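S.K.: based on what follows, work out the 3D shape:
(one chain, ligands or ions: 2)
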Amino acid sequence: MARSDWRRLDESDVRVRPGKGTRPRSKRRPIHAEAVPAMVTSVDRGRWRCAVESDPSRLVTAMRARELGRTPVVVGDQVRLVGDVSGRPDTLARIVGVEPRDSVLRRTADDTDPYERVVVANAEQLLIVTSLADPPPRTGFIDRCLVACYTGGLEPVLCLTKADLAEPDELLASYADLDVPAVVTRHDQEPTELLDVLHGRVSALVGHSGVGKSTLVNRMVPEADLATGEVSAVGKGRHTSVTAVALPLPGGGWVIDTPGIRSFGLAHVTGDDIVRAFGEFAEAAEECPPGCGHLGPAEDPDCALDDVVAAGRARPGRLASLRRLLASRSGAES
Ligand SMILES: Nc1nc2c(ncn2[C@@H]2O[C@H](COP(=O)(O)OP(=O)(O)OP(=O)(O)O)[C@@H](O)[C@H]2O)c(=O)[nH]1
Ligand SMILES: [Zn+2]
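M.R.: Ligands and ions are numbered 1, 2, ... in the order given. Below is the predicted model of the structure:
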């Protein structure tokens with residue numbers, strides 16, 4: 001998907017401020033020739049933990065430079081740092097720039113904050129962790145995660161846990177038409193296949209409570225508890241809820257755990273955004289009547305997507321799956 005497709009979904013975060021009639025803002029920014037690149041690994045109370053050159057052994061704490069204004073800086077962001085980047089205790093670097101994002105995941109709005117803010121930037125894939133039993137899988141949740149992937153620029157991967165309790169076949173079958181890769185895990189076996197999928201990549205992880213996400217993370221990142229503890233030490237005072245934290249995989253790559261985030265915000269997502277992720281239907285959707293929700297009869301009887309299937313240019317299962325995703329967007333959180 002082209003970057004511009006999901007970029008315009010970003011308007012709740014990026015406030016474009018009208019100029020004050022002077023020169024463009026960018027011209028007045030200091031030039032930081034000496035700035036070093038870094039990846040944000042956690043955020044807590046106005047302090048950002050960053051891995052210099054994405055090297056997990058070079059962690060520094062940084063503050064945001066005044067010149068950044070309100071530009072949001074979230075976990076996974078690639079930033080430019082100046083100042084003391086030694087990472088020694090009590091030192092503080094400054095974030096002077098944020099690179100354009102390759103992907104975004106936003107959390108749902110809640111009682112404390114009406115905006116669907118970006119919580120993870122630049123993750124290449126989203127690992128959707130679902131248990132096969134105890135608790136039983138929730139396909140509505142999986143579908144909403146898939147929509148978040150297709151519209152945020154991430155590749156989805158299904159991670160089905162607790163395979164010692166139930167067979168994965170039925171669940172796998174309901175996603176076969178979406179061609180979503182899946183890995184199956186159980187706690188009495190090494191997660192070798194999963195480690196292969198995550199190796200060298202930046203992957204966000206999402207899952208409901210009790211599905212075994214912590215079990216997996218602790219197994220793959222031996223120092224996971226330690227790293228999370230470090231985050232709270234950065235804050236001033238009491239331990240605060242950490243929204244996302246990037247943990248380095250011993251063999252290379254990062255997993256970005258999202259504790260406290262059970263689903264991702266889709267209020268900005270339109271039906272057309274989702275259809276665009278389905279190449280074989282994208283063109284036909286242009287022929288649909290204005291305002292078509294693409295759900296087909298009875299809601300959208302003149303939807304042109306049915307013609308694609310009728311002409312044999314798409315599998316019926318693809319359209320059924322696409323329509324399930326379109327419907328899930330407006331469905332209740334599950
Ligand atoms: N049978 C079985 N139980 C598992 C498996 N993986 C985890 N569990 C159990 O499931 C329960 C929940 O596991 P956690 O790893 O704490 O789940 P979580 O998704 O991190 O949940 P929160 O910590 O609440 O966010 C624990 O009692 C685990 O021992 C598995 O593969 N098979
Ligand atoms: Zn349509």
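
S.K.: what segments of the stretch 1-150 of the chain are strands?
M.R.: 36-44, 47-52, 59-64, 78-83, 93-98, 104-106, 118-121, 125-131 (DSSP state E, counting those that start in this stretch).

S.K.: centre of the chain versus the second one, how much separation?
M.R.: On the basis of Cα atoms, centre = their mean, to the nearest Å, strand 47-52 sits 19 Å off its chain's mean C-alpha point.

S.K.: what bridges to the residue nearest to the spatial centre of the chain?
M.R.: With distances taken as Cα atoms, centre = their mean, residue 105 lies nearest the centre of the chain, 3.4 Å away. Taking DSSP bridges as the rule, residue 105 bridges to residue 120.

S.K.: and the closest residue in space to residue 178 that isn't next to it in sequence, how many neighbours?
M.R.: Leaving aside its sequence neighbours, residue 178 sits nearest to residue 321 (Cβ to Cβ, 6 or more residues apart in numbering; 5.0 Å). In short, each C-beta sits where N, CA and C put it, glycine included. Residue 321 is flanked by 21 other residues according to other Cβ atoms under 10 Å.

S.K.: residue 284 too?
M.R.: For residue 284, using other Cβ under 10 Å, the count is 21.

S.K.: how about residue 157?
M.R.: When neighbours are counted by other Cβ under 10 Å, residue 157 comes out with 21.

S.K.: just the pLDDT for it.
M.R.: For residue 157, the model assigns a pLDDT of 98.

S.K.: surely it meets residue 128?
M.R.: Yes: taking contacts as Cβ atoms under 8 Å, residue 157 lies within contact range of residue 128: 6.9 Å.

S.K.: closest one to residue 180 among the strands of the stretch 1-150 of the chain?
M.R.: Minimum separation from residue 180 across those (Cβ to Cβ) falls at strand 125-131, 8.4 Å.

S.K.: on that earlier part again, distance to residue 143 and mean pLDDT added to the strands of the stretch 1-150 of the chain, as a markdown table?
M.R.: What follows is those, written out as a markdown table (distance: least, Cβ to Cβ, whole Å; pLDDT from 0 to 100):
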| stretch | distance to residue 143 | mean pLDDT |
| --- | --- | --- |
| strand 36-44 | 29 | 95 |
| strand 47-52 | 33 | 96 |
| strand 59-64 | 36 | 96 |
| strand 78-83 | 30 | 96 |
| strand 93-98 | 31 | 96 |
| strand 104-106 | 16 | 93 |
| strand 118-121 | 19 | 94 |
| strand 125-131 | 10 | 97 |
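
S.K.: so can I have CSV of the ones you listed showing distance to ligand 1?
M.R.: Shown next, in CSV, are these (distance: least, Cβ to the nearest ligand atom, whole Å):
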stretch, distance to ligand 1
strand 36-44, 17
strand 47-52, 22
strand 59-64, 24
strand 78-83, 28
strand 93-98, 30
strand 104-106, 17
strand 118-121, 16
strand 125-131, 7
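
S.K.: need the ones you listed in a markdown table with distance to ligand 2, can you?
M.R.: Formatted as a markdown table, the strands of the stretch 1-150 of the chain follow (distance: least, Cβ to the ion, whole Å):
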| stretch | distance to ligand 2 |
| --- | --- |
| strand 36-44 | 39 |
| strand 47-52 | 43 |
| strand 59-64 | 43 |
| strand 78-83 | 37 |
| strand 93-98 | 37 |
| strand 104-106 | 25 |
| strand 118-121 | 29 |
| strand 125-131 | 26 |
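
S.K.: can you pull the phi/psi pair for residue 218?
M.R.: phi -60, psi -30 (degrees, to the nearest 10).

S.K.: quick check: phi and psi at the closest residue to residue 52 other than its chain neighbours.
M.R.: Of all residues not flanking residue 52 in the chain, residue 58 sits nearest, at 4.0 Å (Cβ to Cβ, 6+ apart). Here is the backbone geometry of residue 58 (degrees, to the nearest 10): phi -120, psi 60.

S.K.: do I have it right that the residue nearest to the centre of the chain meets residue 128?
M.R.: No: with contact defined as Cβ under 8 Å, residue 105 does not count as touching residue 128 (11.5 Å).

S.K.: what does the stretch 201-334 of the chain have sitting close to ligand 2?
M.R.: Residues of the stretch 201-334 of the chain lying near ligand 2 by Cβ under 5 Å from the ion: 288, 292, 294, 303.

S.K.: my read is that residue 122 contacts residue 203, right?
M.R.: No: taking contacts as Cβ under 8 Å, residue 122 lies outside contact range of residue 203: 11.0 Å.

S.K.: now do the same end-to-end measure for stretch 292-305.
M.R.: Length of stretch 292-305, first residue to last, Cα to Cα, to the nearest Å: 10 Å.

S.K.: least trustworthy helix or strand in the chain by mean pLDDT?
M.R.: Scoring the helices and strands of the chain by mean pLDDT, DSSP states H and E places helix 3-7 at the bottom, with a mean of 45.

S.K.: check contacts around residue 256.
M.R.: Applying Cβ atoms under 8 Å, 6 or more residues apart in numbering, we find residue 256 in contact with 75-76, 120, 123, 202-205, 244-247.

S.K.: adjacent strands (with direction) for whichever strand or helix holds it?
M.R.: In this structure, residue 256 sits in strand 254-257 according to DSSP states H and E. Under the criterion DSSP bridges, strand 254-257 sits next to strand 202-207 (parallel), strand 245-248 (antiparallel) in its sheet.
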